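Colleague: A structural model of the following input is requested.
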Amino acid sequence: MSPLISPGDLGDATILDVRWRLVGAPGIDSYREGHLPGAVFCDLDRDLAAPPGAGGRHPLPDAGAFQEAMRRLGVSASRRVVVYDEADSTAAARAWWTLRYFGHPDVRVLDGGYHRWAEEGHPVTKEEPAVEPGDFTARPGGMPMLDAAQAGALAGEGVLLDARGAERYRGEVEPIDPVAGHIPGAVSAPTMENVDPSGRFHPAEFLRERFISFGALPEVPVGAYCGSGVTAAHEVLAMEIAGVHAALYVGSWSNWVADSSRPVEKG
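Modeller: Take a look at the predicted model:
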């Protein structure tokens, strides 16, 4: 079952609008300007992450907090959930991964997001729906996850992909976190190369060949990290499309550099 879905295939689903930007206007502004009919806004910072701290800028929420957030948004285990963002599925992938981690059995990402939906002529609305609370029960462990020690070990024993831009991986720039560089042994694999210019994912065969070139094979332990566990979820989603099951280091670089004793590599 593909984790992606096309605009014409949504059917009966709970729809979450997960538009989010690291900088600039908040996603709720875009939601209020227009969204898919019936979609409810899901705040990545509030609903899909715990408060920032030593665990990183977007640490995993605890099960109780996540369950409460999803029920408030109308999520039930018995009903498919479709998540989308502006176009490239970066934020939507974090919603997909977090719901799957906490045990939801059927979560799909709208490939191409809001832009594709609107460009294909499907209806949009400014009306915010009345939400009937859901009954979703959060049960952790549905997706593989790494902590810092496991990520560091995987970089030497398997394949650990760094989903950030190559210049951040090399340590040439670091616009957000206090230390530049990457986890020693990690492989640079910028996640934005998983999608085409419109924001839609490349075909599965293209992605399969891409990840093979990094050594990410179905029989090899594979993980991914980024700055704070958002774009790395996109990398995990792309690998899922390619048939490679990978673990997510949710704390990612922002958690790694919170401990000055952890090694840092540049270049």
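
Colleague: rest of the way, CA atoms for contacts and neighbours
Modeller: Noted.

Colleague: now do the strands in the protein.
Modeller: Remark: strands assigned in the chain by DSSP state E are 4-5, 14-17, 40-41, 81-84, 107-110, 145-146, 159-162, 187-188, 222-225, 247-249.

Colleague: got these as CSV, with mean pLDDT and distance to Gly215 columns?
Modeller: CSV is the format used below for the strands of the chain (pLDDT from 0 to 100; distance: least, Cα to Cα, whole Å):
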stretch, mean pLDDT, distance to Gly215
strand 4-5, 98, 24
strand 14-17, 98, 34
strand 40-41, 98, 37
strand 81-84, 98, 30
strand 107-110, 98, 26
strand 145-146, 98, 19
strand 159-162, 98, 7
strand 187-188, 98, 9
strand 222-225, 98, 9
strand 247-249, 98, 15
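
Colleague: which stretches in this protein count as helices?
Modeller: In the chain, the helices defined using DSSP state H lie at 27-33, 44-47, 63-72, 90-101, 113-119, 148-157, 166-170, 204-213, 231-242, 252-256.

Colleague: tell me the predicted confidence for the residue nearest to the spatial centre of the chain.
Modeller: Centrality entry for the chain: nearest residue to the mean C-alpha point is Arg94, 2.6 Å, by Cα atoms, centre = their mean. Note on Arg94: pLDDT of 98.

Colleague: surely it and Leu48 touch.
Modeller: Yes - the pair Arg94 / Leu48 is scored as a contact, 7.4 Å apart, by Cα atoms under 8 Å.

Colleague: list the contacts of Val131.
Modeller: Neighbour list for Val131: Val40, Arg72, Leu73, Gly74 [criterion: Cα atoms under 8 Å, 6 or more residues apart in numbering].

Colleague: which members of those residues are the farthest-apart pair?
Modeller: Maximum pairwise distance among the contacts of Val131 (Cα to Cα): 9.9 Å, between Val40 and Arg72.

Colleague: between these two, which has more neighbouring residues?
Modeller: Remark: of Val40 and Arg72, Val40 carries more neighbours, 22 against 18, as counted by other Cα atoms under 10 Å.

Colleague: which residues are in contact with the more buried one?
Modeller: Val40 sits next to Ile15, Leu16, Asp17, Leu73, Glu128, Pro129, Val131 when contact means Cα under 8 Å, 6+ apart.
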